[in-house]
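A.B. asks: Sequence first, then the predicted structure:
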Amino acid sequence: MKLISKTVFASIAALFLAPMTAAAAPRPCEIQCTYNGSCSLLCDNGGEVITCGDFGVCAGASPVAPSEPQAAAQPAPSEDAELVCRAPAAEARG
């Protein structure tokens, strides 16, 4: 009877302590970090523990500057270009 009670006690202790070890690891950065959250929160970035500030998603995080200058969506009109809309040429019509 004494052996059974020790086994039951060891099982209960293992079940109690098992969730605590999982809670010690930080949550994934995609879940932990928010745009209005703290930059000092720890998160897991694929096995590497970093802060939300390092991840770039937190309140007060500066946006990342583009690595190359961005081109305009449309080229600037040249001086000699006409700014008049015209009907399509007769050849272009089907």
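C.D. replies: Yep, it's here.

A.B. asks: for the protein, which spans come out with low pLDDT?
C.D. replies: For the chain, the stretches with pLDDT under 70 are 1, 3, 8-11, 13-23, 61-84, 89-94.

A.B. asks: just so I have it, where are all the strands in it?
C.D. replies: With strands called from DSSP state E, the chain shows them at 42-45, 48-51.

A.B. asks: Mind listing what's buried along the first one?
C.D. replies: When burial is assessed from 16 or more other Cβ atoms under 10 Å, strand 42-45 yields the following buried residues: 43-45. C-beta here means a position set from N, CA and C on the backbone, and glycine is covered the same way.

A.B. asks: How about the last one?
C.D. replies: Neighbour-count burial for strand 48-51 flags 50-51 (criterion: 16+ other Cβ under 10 Å).

A.B. asks: What strands flank that strand, and is each parallel or antiparallel?
C.D. replies: As defined by DSSP bridges, the strand partners of strand 48-51 come to strand 42-45 (antiparallel).
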